[in-house]
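K.L.:
everything below, folded, please.
(chains A and B)
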Amino acid sequence: MEAPKLKVGEKVITYVMILISLFILYHAYKISGQKTTAGSPGAFPLMTSLALVVFSVWTWGENRKFSPGLHKSLKSRIGALQEIGFSGDCLLVILFVLVYAFMLKFLGFSIATVIFLWGSMCYLTKGNWGKNLLIALFNLAIILLIFKQIFKVILP
Amino acid sequence: MDSVVLNIFTPLLNFQLLLLVAAGTFAGIYIGAIPGLSVTMAVSLLISFTFSWSTHEALALMIGIYCGGVYGGSRSAILLNIPGAPAAIATSFDGYPLAKCGEAGRAIGVATVQSVLGGFIGILFLAVAAPAVSEFALKFAPRDYLLLAVMGLMLVGSLGTKSTAKGLFAASLGIVLGLVGMDTLTGQGRFTFGQVRLMGGINYVTAMIGLFGLSEALIQVSTRNLPIIKQKIDRIIPSWGTLVKYLPLSIRTAILGVIVGALPGTGGDLAALLAYDHAKRTVKNPSRPFGQGAMEGLIAPETANNAAIGGAMIPMLTLGIPGDAVTAIIIGALFIHGLKPGPMLMLDTPDLFWIIVGCLILANIFLLVFGLTGIRIFTRLIEIPKGILIPIIITFSVIGAYAINNNIMDIYWMIGFGILGYLFKIYDYPVGPMILGIILGPLLDVSYRRSILYSKGNVLAFFNNILTNPISLTLLLLIVIMAVSQSKIFGRLKTMGSTSAENESDV
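P.N.:
All right, here's what the predicted structure looks like:
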């Protein structure tokens, strides 16, 4: 029976995790350096980051049981990435969120939120722009009522 | 005794608390029911929103959402075969087949009543066991807290995850993130990379909102166009005969749920799965074959996951160690309100404990009322397109992240954790252990350093103290047993043992 396949990109992620673990281990050692003893501030971080390295290498070892996916072309890799949830839509939504966070400082909460809600809803639903604007405005009103009036939260 | 009774009835007699528990339970049911929203996300958002409230009010709302949410996941599990909450995964095994047979109403009714029954059994254990555990916990030394926290992280990292290695990696990464900032004993910066901004550490609420809220919204982007299946609902309230017939199973699985919930790091999702497994092994003549609409397959997980709520509160309140992800967040809420969960909480503020018990009782009563009604509203609600819901969840996450410290940087941190959580979910790294690691990291560090100080810096003396103290030795043995039982060698021995037993019975 053929071994189950690795998800596309999983090998890369595992190597990245190993590198991150080694980076953390190096910085954990730097906390107390050569003066590391059992009770020094660097002792526990050092032990934990060592465990992190061990577990990341263990994950790499587990992945060796899986057969690598056969994605020879870029198109098939992109297709496989989309299948596991890495769609262009997700990446675009992440960009929308970053822009929203940036806009908060310059446009204020209300305007930035309406733009974000309306823009994302239009993109995700491919729906009616007018209807989505009304929904965005309605949601803003609810948010202002619930968070500002009831929860007394300071909005961005 | 009088003060205990008075405190238990406080949420009932205080209109504001009563309203908050009711609102929380109602909201929790629908948050738990809608796939894409989670109780953990809602409670983590609430921490920042209820910052200026009194402790009792904040807890009343969170407890209501907790109880409602754990149950609420069963609705979409039954109607759509999409568990709204992880605790409802096992519910879908037989709940959805029941719905396909036209018995969705009956399934929802039974799930509601069983959840309430499980909830009350959990509360009973909490009320009886917690004061006793709290007394016992005063004998715990720092090394025992260290071992308990390690056990909790091992449990959550290894059980209920596809890969033990990934679970433990996530837990360790969480611990490292929890250590970022100024060392509380020496004032030295750790993992701060010379940045003053990091000396205050990473705010775990921001991490939680990102890991649970934003990441889930991003995952839902890919599945937003899946069609919604419409359901017919009738005959909701179960008969008395049905309840009595399944009472022994309900009680057994409720007790199992309490025990699993009480283990640090485990919660309703694991309790439900173990209870389903127990029902399959012990029920000889189910109403239908398991997996095809067996009523026992619905009753067991639903009773266990709500009983686990009471169980999870036991270590949270008595030891300061979370029983699951939600209680981890509630611990955060207690810290923010100036309280320190642990044995001293029970001694210094016993009224708080009994008010929590009162809120739980009230939440279960409201669960019965709201659970058996409003099902038609629910079917409308789950038909909201995800393309509308996802941006709203993201907006709530942004507000929640900002509201902690009124700092725009927290929003960027939240986005960073959201992207990390998104990657983790795609590649099957669990996020639960990571958030538990962030919360338990400082406790582990301080407990370890205190234990070493107690042993005058001598590592051998440290281990000697563990081996010669009965509590420490028991905890260490439990950790060793857990580690061995997860190993391949043990798995092979178990398989060999069951194979030879089968061969002997054939002969």
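
K.L.:
the nearest residue to residue B:214 once chain neighbours are set aside: what's it in contact with?
P.N.:
Distances taken as C-beta to C-beta, 6 or more residues apart in numbering or on different chains put residue B:418 closest to residue B:214, at 2.9 Å, once the chain neighbours are dropped. Where C-beta positions appear, they are placed from N, C-alpha and C, glycine not excepted. Residues in contact with residue B:418 (C-beta atoms under 8 Å, 6 or more residues apart in numbering or on different chains) are A:97, B:209-211, B:213-215, B:217-218, B:397.

K.L.:
mind doing that once more with 7 Å?
P.N.:
With contacts defined as C-beta atoms under 7 Å, 6 or more residues apart in numbering or on different chains, residue B:418 is in contact with B:210, B:214-215, B:218.

K.L.:
what strand or helix carries the residue most central in space within chain A?
P.N.:
Chain A has residue A:94 as the residue nearest its centroid, 8.6 Å off, counting by C-alpha atoms, centre = their mean. Residue A:94 belongs to helix A:88-107 when assigned by DSSP states H and E.

K.L.:
can I get the contacts of residue B:418 in a markdown table including pLDDT, neighbour count and secondary structure?
P.N.:
A markdown table is the format used below for these (pLDDT from 0 to 100; neighbours: other C-beta atoms under 10 Å in any protein chain shown; DSSP: H, G, I helix; E, B strand; the rest coil):
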| residue | pLDDT | neighbour count | secondary structure |
| --- | --- | --- | --- |
| B:210 | 86 | 29 | helix |
| B:214 | 86 | 30 | helix |
| B:215 | 85 | 24 | helix |
| B:218 | 87 | 27 | helix |
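
K.L.:
centre of the chain versus the longest helix anywhere in chain A, how much separation?
P.N.:
Assignment by DSSP state H gives helix A:10-32 as the longest helix of chain A. On the basis of C-alpha atoms, centre = their mean, to the nearest Å, helix A:10-32 is displaced by 18 Å from the centre of the chain it belongs to.

K.L.:
against chain A, how distant is residue B:275?
P.N.:
29 Å (C-beta to the nearest C-beta, to the nearest Å).

K.L.:
just name the shakiest helix or strand of chain A by mean pLDDT.
P.N.:
helix A:74-83 (a mean of 69; mean pLDDT, DSSP states H and E).

K.L.:
which of the contacts of residue B:418 lies closest to residue B:319?
P.N.:
Among the contacts of residue B:418, residue B:210 lies closest to residue B:319 (C-beta to C-beta), at 27.2 Å.

K.L.:
what sits closest to the closest one if chain neighbours are left out?
P.N.:
Computed as C-beta to C-beta, 6+ apart, the closest residue to residue B:210 that is not its neighbour in sequence is residue B:417, at 2.8 Å.

K.L.:
next one: residue B:423
P.N.:
Sequence neighbours aside, residue A:13 is the residue nearest to residue B:423 in space, at 7.1 Å (criterion: C-beta to C-beta, 6+ apart).

K.L.:
next: residue B:341.
P.N.:
residue B:320 (4.1 Å).

K.L.:
ok, that neighbour - how many residues close by?
P.N.:
Residues near residue B:320, counting by other C-beta atoms under 10 Å in any protein chain shown, number 22.

K.L.:
I figured it hits residue B:342, correct?
P.N.:
Yes: judged on C-beta atoms under 7 Å, residue B:320 makes contact with residue B:342 at a distance of 3.8 Å.

K.L.:
show me chain A divided up by domain.
P.N.:
Residue ranges for the domains of chain A, per automatic domain parsing: A:10-72, A:88-150.

K.L.:
show me which residues of the stretch 201-350 of chain B sit near chain A.
P.N.:
Contact residues (C-beta under 7 Å from any C-beta of the partner chain) of the stretch 201-350 of chain B with chain A: B:218-219, B:221-222, B:224.

K.L.:
which one of the residues in chain B is closest to chain A?
P.N.:
residue B:387 (3.3 Å; C-beta to the nearest C-beta).

K.L.:
contacting residues around that residue?
P.N.:
So residue B:387 contacts A:121, A:124-125, B:224 (C-beta under 7 Å, 6+ apart).

K.L.:
going by distance to residue B:445, which of these wins?
P.N.:
Lowest distance from residue B:445 to the contacts of residue B:387 (C-beta to C-beta) belongs to residue B:224, with 41.4 Å.

K.L.:
what score does the residue nearest to that closest one when sequence neighbours are not counted have for pLDDT?
P.N.:
Residue nearest to residue B:224 in three dimensions, not counting chain neighbours: residue B:386, with 3.7 Å by C-beta to C-beta, 6+ apart. At residue B:386 the predicted local distance difference test score is 80.

K.L.:
what about the strand or helix carrying the residue of chain B closest to chain A, distance to the chain center?
P.N.:
Taking DSSP H and E as the definition, residue B:387 sits inside helix B:386-405. How far helix B:386-405 lies from its chain's middle: 22 Å, per C-alpha atoms, centre = their mean.

K.L.:
hang on, isn't residue A:63 packed against residue A:14?
P.N.:
Yes: taking contacts as C-beta under 7 Å, residue A:63 lies within contact range of residue A:14: 5.7 Å.

K.L.:
which one's more surrounded, these two?
P.N.:
Just comparing residue A:63 and residue A:14: by other C-beta under 10 Å the higher neighbour count belongs to residue A:14, 23 against 18.

K.L.:
now do the contacts for the more buried one.
P.N.:
With contacts defined as C-beta under 7 Å, 6+ apart, residue A:14 is in contact with A:59-60, A:63.

K.L.:
hang on, the earlier thing: so can I have CSV of the residues of the stretch 201-350 of chain B next to chain A showing secondary structure?
P.N.:
Shown next, in CSV, are these (DSSP: H, G, I helix; E, B strand; the rest coil):
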residue, secondary structure
B:218, helix
B:219, helix
B:221, helix
B:222, helix
B:224, coil
